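from the sequence below, what's the structure:
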Amino acid sequence: MLPEARYYRPEEKLSWLIKQFEFITYNGKEALTDKFVPREDVSIVFHFRNRPRMVSPIDQTLPPVFIAPLTPTANSICLPGGIDSMIITCRPTVLSRFLGISLAPRKDIWVPAPEKLLSPVWQEMSHGGSDAARMDIFSSFISSNWRHRYIPDETDRSYDLIIRKGINTTLHDITDELQVSERTLQRRFRDRLGATPKMLIRLIRINFLWETTSKGGNIDYQDMVFLGSYFDQTHMIKDFKSITGETPRAFFRRNLSMARIFSGK
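The predicted structure is shown next:
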């Protein structure tokens, strides 16, 4: 028995911050374990009943509310029964600015949620209700804490450019277009993104390969090298294994249903 995962696109008025709402419910008796494959965005995670357990790289039960930041490697998660969770996938540079938090790498895998801001929201949504009701509650929270039109800054624009061009363009070409040095870009990204420009491009390419391979069936490794703009096959396999913990062959040959749910796919 798989968890039920439901996905919703945000209203246009929320798209400056939110990319996707995901709701997961699971009442099975068997605990399910699989990987969260790192993405190029971040999420606010709310657990209203039982909480999943991080198995690796650390063994610890996840908090009821937290920020899931960009990470360089896959995390293994164990999902017990009695799950009722809401995951709000956001644009990282916008979310860090909106909440006034740093996404810089830390010892814990997650970023603590600003308690004064998000605890009341969690409390209100924890009383139950439909997916739509919970999305309305979160929408009201956004509206009450950011009343004016969001104006992207240089960090937002740098992130957006890499998202648009990161699959087929080198970092050197991107810094040339932005007319900044890689060091300047790293400084912009440290607190607002929590990852280097190079790591962001790697995550974009791995997720692109996952989506492309899933849609097209079996893809030759040389095709994957070409699609991901890698130097050669060895480079592609090494990068893929570094992020997912598996070679492409092992990854795509197994059942990825749980990994897709955990990874917001």
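
let me see the mean pLDDT of the longest helix seen in the chain.
Secondary structure of the chain per DSSP state H: the longest helix is helix 197-216. Throughout helix 197-216, pLDDT has a mean value of 88.

list the buried ones in the strand or helix carrying Ile243?
Here Ile243, judged by DSSP states H and E, is contained in helix 233-244. Counting neighbours by 16 or more other CB atoms under 10 Å, one finds that the buried residues in helix 233-244 are 236-237, 239-240, 243-244. Using the backbone N, CA and C atoms, a C-beta is placed for each residue, glycine as well.

thinking again about what came up before, run through who's touching the longest helix of the chain.
Contacting residues not belonging to helix 197-216 are listed as 37-40, 70, 72, 158-159, 162-163, 166-167, 171, 174-175, 182, 185-186, 189, 193, 195, 219, 224, 227-230, 239-240, 243-244, 248, 252, 256, 265 [CB atoms under 8 Å, 6 or more residues apart in numbering].

the strands in the protein, which residues?
Assigned strands in the chain, in chain order: 4-8, 18-26, 32-36, 42-47, 53-56, 60-61, 65-68, 75-79, 83-90, 111-112 (criterion: DSSP state E).

and the longest one, what does it pack against?
Counting contacts by 3 or more CB pairs under 8 Å, 6 or more residues apart in numbering; DSSP states H and E, strand 18-26 is packed against strand 4-8, strand 83-90, helix 131-145.

any idea which of those is most buried?
Greatest average neighbour count among the helices and strands packed on strand 18-26 goes to strand 83-90 (a mean of 21), per mean count of other CB atoms under 10 Å.

between it and helix 131-145, how many degrees?
For strand 83-90 against helix 131-145, the angle by axes from the mean of the first three to the mean of the last three CA atoms, to 10 degrees is 40 degrees.

what packs against strand 83-90?
Judged by 3+ CB pairs under 8 Å, 6+ apart, strand 83-90 is in contact with strand 18-26, strand 42-47.

still on that earlier bit, and of the strands of the chain, who's closest to Arg147?
Arg147 lies closest, by CB to CB, to one member of the strands of the chain: strand 18-26, at 16.8 Å.

mean confidence for the closest one?
On average, strand 18-26 scores 98.

neighbouring strands of it in the sheet, and parallel or not?
Partners of strand 18-26 in the sheet, by DSSP bridges, are strand 4-8 (antiparallel), strand 83-90 (antiparallel).

quick check: which of the ones you listed is nearest to Ala31?
strand 83-90 (10.3 Å).

show me the contact partners of the closest one.
With CB under 8 Å, 6+ apart, strand 83-90 has contacts from 3, 17-27, 39, 41-50, 52, 68, 125, 134, 138, 264.
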